[in-house]
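K.L.:
only geometry, no sequence info:
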Ligand SMILES: Nc1ncnc2c1ncn2[C@@H]1O[C@H](COP(=O)(O)OP(=O)(O)OP(=O)(O)O)[C@@H](O)[C@H]1O
């Protein structure tokens, strides 16, 4: 790993109230521009790991460093500043269906604006322009003034990606961003994310359940099982069977593979 590392988990453990050990001794580093895909069974800790990157959750033990900040030690102001540099896309797109597509993208700037906003014109012109530019980038410039709930699922997720990109994040977190989409739309959204990552040098950490998409669009796969890293390897040269073995519930644990 070079000095261009933007995320570093050092022996991170997370135990929730009630005793669930969601992350167990997780150490991973992510380089700038890398597209890292998290794979693992439901409940293996993928969402919990993502939520530690922008401080939505804090480790019980170990250390999380993101963009040079020790996330566990950040206070409210520090966390808000970090979150302006880290975009998040979720499985459920979290758009406001009754608002236009463009206004939904504008809401991505709310963290930088004072006071509430009501209506598209309440956003500064520079924000509206930037939002339209992001929409064009995801291929939805023509739909800017449509209600968000008139779009297909794939289109809505592309709006959510545009919203996440509004603040020019350095890291994009995506928690099962294509789980609700049909295979074609899923491939489109993943290809879009990978393309933008490549063009902007954006670092992406994305959880997926679709191994084929992970192999097509990821640079590297980290496999989690019961909160532990059981596979950490570049996608190049990884077979589908090796990737699928993350999901086997029985048998020996896979040895973590060192990443150069
Ligand atoms: N806030 C919480 N309080 C208590 N337990 C939690 C909390 N969040 C997650 N867990 C538990 O931590 C473990 C890991 O959950 P997590 O959501 O990170 O898994 P996941 O791999 O993202 O699953 P999925 O693929 O279903 O989204 C699970 O056992 C889950 O029930």
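P.N.:
That came in fine, so what should we check first? Just so you know, these numbers come straight off a predicted model, no measurement behind them. Numbers count the residues shown, from 1 in each chain.

K.L.:
per-residue confidence at residue 248?
P.N.:
On pLDDT, residue 248 comes in at 78.

K.L.:
how many neighbours does it have?
P.N.:
13 (other Cβ atoms under 10 Å). Yep, even glycine has a C-beta here, placed from its N, CA and C like the rest.

K.L.:
residue contacts, it?
P.N.:
Listed by Cβ atoms under 8 Å, 6 or more residues apart in numbering, residue 248 has no contact partners.

K.L.:
after the lengthiest helix in the chain, next one along is what?
P.N.:
Scanning the chain for the longest helix, with DSSP state H as the assignment, gives helix 183-200. For helix 183-200, the succeeding helix or strand toward the C-terminus, using DSSP states H and E, is strand 203-207.

K.L.:
distance of residue 237 relative to the ligand?
P.N.:
25 Å (Cβ to the nearest ligand atom, to the nearest Å).

K.L.:
backbone dihedrals for that residue, please?
P.N.:
Per-residue torsions, residue 237: phi 90, psi -10 (degrees, to the nearest 10).

K.L.:
now residue 236
P.N.:
According to degrees, to the nearest 10, residue 236 has phi -60, psi 120.

K.L.:
just the pLDDT for it.
P.N.:
For residue 236, the pLDDT comes out at 93.

K.L.:
how far away is it from the ligand?
P.N.:
Taking Cβ to the nearest ligand atom, one finds residue 236 at 25 Å from the ligand.

K.L.:
helices or strands up against the longest helix of the chain?
P.N.:
Helices and strands touching helix 183-200, by 3 or more Cβ pairs under 8 Å, 6 or more residues apart in numbering; DSSP states H and E, are strand 35-40, helix 153-165, strand 171-175, strand 203-207, helix 211-217.

K.L.:
gap between the residue nearest to the spatial centre of the chain and the ligand?
P.N.:
The chain has residue 173 as the residue nearest its centroid, 1.6 Å off, counting by Cα atoms, centre = their mean. The gap separating residue 173 from the ligand is 12 Å, by Cβ to the nearest ligand atom.

K.L.:
likewise for residue 27?
P.N.:
Per Cβ to the nearest ligand atom, residue 27 is found 17 Å from the ligand.

K.L.:
still on that earlier bit, list the buried residues of the longest helix of the chain.
P.N.:
185, 186, 187, 188, 189, 190, 192, 193, 194, 196, 197 (16 or more other Cβ atoms under 10 Å).

K.L.:
and the angle from that helix to strand 203-207?
P.N.:
With axes from the mean of the first three to the mean of the last three Cα atoms, to 10 degrees as the basis, helix 183-200 and strand 203-207 are set at 160 degrees to each other.

K.L.:
hmm, who's touching stretch 174-188?
P.N.:
With contacts defined as Cβ under 8 Å, 6+ apart, stretch 174-188 is touched by 46-47, 50, 88-92, 152-154, 157-158, 160-161, 189-190, 193, 204-210, 213, 216.
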